[in-house]
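Undergrad: sequence? don't have it. structure:
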């Protein structure tokens, strides 16, 4: 009887360890993105004579709309289109796996 109680007490502790690892990973990612944004802001403020390019991918449902402007817009549009195609392919594969698991 004491063995069952011991095993039951171990499960919540293992779940909390897993949760803390996930939370740590999430926080590390958030901090890295924040630092990256700060670096870009500082670089933009002190490197005033550069040119800017922008690219954007907008998903409306499963359909991507890729836009870009500036001197390097062609590369940004190409990269955006590749990322959009990969996203749609990964979405389709994940959906197929989910449907197979349900059946």
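TA: Perfect, thanks for sending it. All values derive from a computational prediction rather than experimental measurement.
Undergrad: Tell me where the model's unsure across this structure.
TA: The chain contains residues with pLDDT under 70 at 1-15, 48, 50, 62.
Undergrad: now the strands: where do they sit in it?
TA: 54-60, 63-69 (DSSP state E).
Undergrad: The first one to strand 63-69, inter-axis angle?
TA: Between the axes of strand 54-60 and strand 63-69, defined by axes from the mean of the first three to the mean of the last three C-alpha atoms, to 10 degrees, the angle is 160 degrees.
Undergrad: tell me which strands and helices strand 54-60 is in contact with?
TA: The contact analysis (3 or more C-beta pairs under 8 Å, 6 or more residues apart in numbering; DSSP states H and E) places strand 54-60 against strand 63-69, helix 73-102. Glycine gets a C-beta too; all of them are placed from N, C-alpha and C.
Undergrad: Report the strands that pair with the shortest one, each with its relative direction.
TA: Strand partners for strand 63-69, identified by DSSP bridges, are recorded as strand 54-60 (antiparallel).
Undergrad: Tell me which of the helices and strands packed on strand 54-60 is the most buried.
TA: Greatest average neighbour count among the helices and strands packed on strand 54-60 goes to strand 63-69 (a mean of 14), per mean count of other C-beta atoms under 10 Å.
Undergrad: Run through who's touching that strand.
TA: Here strand 63-69 makes contact (C-beta atoms under 8 Å, 6 or more residues apart in numbering) with 53-59, 74, 76-77, 80-81, 84-85, 87-88.
Undergrad: what angle sits between it and helix 73-102?
TA: 160 degrees.
Undergrad: quick one, domains of the chain?
TA: Taking automatic domain parsing as the domain assignment, the record places the domains of the chain at 1-49, 51-103.
Undergrad: circling back to that earlier point, let me know which of the helices and strands packed on strand 54-60 is the nearest to residue 20.
TA: helix 73-102 (26.7 Å; C-beta to C-beta).
Undergrad: which helices and strands sit right next to the closest one?
TA: With contacts defined as 3+ C-beta pairs under 8 Å, 6+ apart, the secondary structure elements packing on helix 73-102 are strand 54-60, strand 63-69.
Undergrad: how close does the residue sitting nearest the centre point of the chain get to residue 76?
TA: For the chain, residue 29 is the residue whose C-alpha lies nearest the centre (C-alpha atoms, centre = their mean; 9.4 Å). Residue 29 is 23 Å from residue 76, where distance means C-beta to C-beta, to the nearest Å.
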